[in-house]
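In: Fold the following, please.
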Amino acid sequence: MYAQAGRLRQRGESFNKKVITQIAPTIAQKIKIQFPNGTEANVLEEVLGDK
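Out: Next up is the predicted model:
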């Protein structure tokens, strides 16, 4: 745990807003398959460890 702006948070916890439409492209990127049709959301790079 570490403190940020007066609040303790767990390692890996994020305060950045995520939306459900980011899940499918992130999983597709992780397992190296083509993105689903109509995907417009960005991949969650922090989940993949590609910083």
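
In: use CA for all of it now, contacts and neighbours both
Out: OK.

In: Look at residue 32 and report its pLDDT.
Out: At residue 32, the model reports a pLDDT of 92.

In: try residue 6
Out: So residue 6 comes in at 53 (pLDDT).

In: And the strands in this structure?
Out: Taking DSSP state E to define them, one finds strands in the chain at 2-4, 7-9.

In: tell me what the helix ranked longest in the chain is packed against?
Out: When the chain is parsed with DSSP state H, its longest helix is helix 23-30. Packing partners of helix 23-30 (3 or more CA pairs under 8 Å, 6 or more residues apart in numbering; DSSP states H and E): helix 45-48.

In: Just give me how far the helix it packs on sits from the chain centre.
Out: Helix 45-48 sits 5 Å away from the centroid of its parent chain (CA atoms, centre = their mean, to the nearest Å).

In: what's the answer for stretch 18-31, then?
Out: 7 Å.

In: again with stretch 25-42
Out: Distance, centroid of stretch 25-42 to centroid of chain: 12 Å (CA atoms, centre = their mean).

In: buried sites along that stretch?
Out: 25-27, 29 (16 or more other CA atoms under 10 Å).

In: Export it to CSV, keeping only CA atoms.
Out: Extracted in CSV, the C-alpha atoms of stretch 25-42 (Å, rounded to 0.1, in the frame of the first residue of the first chain):
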residue,chain,number,x,y,z
PRO,A,25,-10.2,-5.1,-27.2
THR,A,26,-8.0,-5.6,-24.2
ILE,A,27,-8.6,-9.3,-24.0
ALA,A,28,-8.2,-9.6,-27.8
GLN,A,29,-4.9,-7.8,-27.6
LYS,A,30,-3.8,-10.1,-24.7
ILE,A,31,-4.6,-13.4,-26.5
LYS,A,32,-3.4,-12.0,-29.9
ILE,A,33,-6.6,-12.2,-31.9
GLN,A,34,-8.3,-9.7,-34.2
PHE,A,35,-10.4,-7.0,-32.5
PRO,A,36,-14.1,-7.6,-32.5
ASN,A,37,-16.1,-5.9,-35.3
GLY,A,38,-17.1,-2.3,-34.5
THR,A,39,-14.5,-1.9,-31.7
GLU,A,40,-13.8,1.8,-31.1
ALA,A,41,-12.4,1.7,-27.5
ASN,A,42,-8.8,1.8,-26.6
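
In: Sounds good, over and out.
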